[in-house]
Structures are given as C-alpha cells and as structure tokens.
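In: Model the structure of this input:
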Amino acid sequence: TPSEDGYTFECQHGANECHGNLVVSCAKSIIVEHNTFVDFTICLMTGESPPDEGERCAQEVGVEWDPINQCAESVDGELLLYEQGQKQEALDPVPDWMPWIIINDEFTEDNLVEAQVDLLNLVCRVYEGSPPPGCA
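Out: Residues are numbered from 1 along each chain as shown. All right, here's what the predicted structure looks like:
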C-alpha cells in the first residue's frame with residue numbers, strides 16, 4: 001500500500017516476514033556477485049530467525065551489513081520490495097505460494113515438483129546449450 005514516500009507491506013506471515021523480504025530485496029541490489037547473494041539468502045533462510053540473521057549472514061559471506069540494513073530501514077528498501085512485487089504480479093500465472101520455480105521463463109507444476117525432489121537432474125535435463133560440468 002502506498003504511504004507517504006514509500007510503501008507499507010502486509011505479508012502472509014506477518015511483520016517479520018516483511019522485514020526479511022526488505023533485507024533480501026536490499027541485499028539483491030547491493031551484493032553484486034550473484035553467488036554471494038545466493039549464499040547470503042540461503043544463510044538467512046536457514047537461520048533460526050531469518051529476519052534477524054542479516055548481520056551474521058553478511059559477515060559469513062564477507063559483505064558489509066550496514067548498507068543492507070540501512071536500505072531495509074529506508075524508503076529505498078520499500079521501493080525495491082515494491083518493484084519485486086510488481087515483477088511477481090506480472091508473472092503468468094501469478095505465484096500464490098513459495099517456492100515458485102521458473103525454468104526457462106516458464107512455470108509448470110511438474111517442474112515445481114521435480115525441482116523440490118531433484119533440482120540438479122531437472123536443470124541438467126532442461127539446460128539449453130552445452131551442459132555444465134555437474135551435468136556430465
């Protein structure tokens with residue numbers, strides 16, 4: 001919902017989930033190395049309290065926490081999360097739960113199920129181009 005300069009969010013699991021989403025959105029805009037961002041996000045999501053794990057996870061993956069935290073507490077962070085929501089709403093079909101697995105710009109129930117059982121096999125099977133070493 002628009003509010004003053006930014007947005008307020010209502011998340012399925014409450015305010016902590018919204019805060020965690022802000023942290024991830026900000027991290028995505030600040031951590032330029034993709035694998036480091038993925039490692040940071042996995043660290044958050046596997047912690048005891050994901051919205052509160054940011055500082056520890058930043059330290060673990062070797063990035064500065066303060067810029068991410070400042071972003072998550074700002075209108076800039078709200079705008080980033082809003083933009084992520086707009087991208088999600090533009091998907092066809094619109095996601096209604098997570099994880100929402102998109103492969104080659106397409107969501108299918110079969111891919112969702114297979115990805116949760118054997119992601120590597122699925123990626124190797126649908127990979128376009130020369131398969132990476134893990135698919136040999």
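In: pLDDT score assigned to Ile103?
Out: As summarised for this prediction, Ile103 has a pLDDT of 89.
In: mind listing the helices in this protein by residue range?
Out: Secondary structure of the chain, counting by DSSP state H: helices at 15-30, 34-46, 54-61, 65-72, 75-89, 109-126.
In: How about residues contacting the fifth one?
Out: Contact with helix 75-89 is made by 5-9, 18, 21-22, 25-26, 28-29, 71, 94-95, as judged by Cβ atoms under 8 Å, 6 or more residues apart in numbering. Just so you know, the C-beta spots here come from the backbone N, C-alpha and C atoms, and that holds for glycine as well.
In: in that helix, what's buried?
Out: By neighbour count with 16 or more other Cβ atoms under 10 Å, helix 75-89 contains the buried residues 76-82, 84.
In: and what of the longest one?
Out: Within helix 109-126, the residues that qualify as buried are 111-112, 114-115, 122-123, counting by 16+ other Cβ under 10 Å.
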